[in-house]
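S.K.: Here's my sequence, what's the structure:
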Amino acid sequence: MSLRGCVGRYTREEGRHCQNWPDDQLMVIDLLNSVGLDDGGAGGTLDGNINGRLVTGISSDALYQAITRFEDRHFPGQRNGFVAPDSPLLKCLEAVSAGGTGADIGRRLSG
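M.R.: You can find the predicted model right below:
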């Protein structure tokens, strides 16, 4: 899968919003929803909407919290707050959502 831009908020830049294209948000939401809560995902509970819709350029609080929860689980101490195209975080999210094991994720991140 490929994102056009970053999804989430730049934690280290005082929470400034990323590009947050709606189609990119949907992709990240779908991935997070397909990951169980025990693995740092949203377990099907995330919709990411603000007042009933996705907003271009803005990450909902729920989406940002879901991204940071997954990031904290799989990349402790990193806490960037966003998923970037072709990033290790996106690759890990894709692998875990596909039911990958720790070894699968390691191979995917190194290759």
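
S.K.: Just the pLDDT at the residue nearest the centre of the chain, thanks.
M.R.: Centroid-nearest residue in the chain: I67, 4.2 Å away (criterion: C-alpha atoms, centre = their mean). pLDDT for I67: 98.

S.K.: With adjacent residues omitted, what lies nearest to it?
M.R.: In this structure, I67 finds its nearest non-sequential neighbour in G8, 4.5 Å apart by C-beta to C-beta, 6 or more residues apart in numbering. Every residue, glycine included, has its C-beta placed from N, CA and C.

S.K.: can you pull the contacts of that neighbour?
M.R.: The contact partners of G8, by C-beta atoms under 8 Å, 6 or more residues apart in numbering, come to 18, 20, 28, 59, 63-64, 67-68, 80-83.

S.K.: One more pass at 10 Å, please.
M.R.: Going by C-beta atoms under 10 Å, 6 or more residues apart in numbering, G8 touches 15, 17-20, 24-25, 28, 59, 63-68, 71, 80-84, 89.

S.K.: now R12
M.R.: With C-beta under 10 Å, 6+ apart, R12 has these contacts: 79-82.

S.K.: Narrow those to those that are buried.
M.R.: The neighbour count (16 or more other C-beta atoms under 10 Å) marks 80-82 as buried among the contacts of R12.

S.K.: what about the helices in the chain?
M.R.: Here the chain has its helices, by DSSP state H, at 22-33, 61-74, 88-97, 102-110.

S.K.: Now tabulate these in CSV and tack on distance to D47.
M.R.: Converted to CSV, the helices of the chain look like this (distance: least, C-beta to C-beta, whole Å):
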stretch, distance to D47
helix 22-33, 7
helix 61-74, 7
helix 88-97, 17
helix 102-110, 26
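
S.K.: quick one: which of these is nearest V55?
M.R.: Nearest to V55, of all the helices of the chain, is helix 22-33, at 7.8 Å by C-beta to C-beta.

S.K.: residues near D61, how many?
M.R.: 10 (other C-beta atoms under 10 Å).

S.K.: Return the per-residue confidence for it.
M.R.: In this model, D61 is scored at 95, pLDDT.
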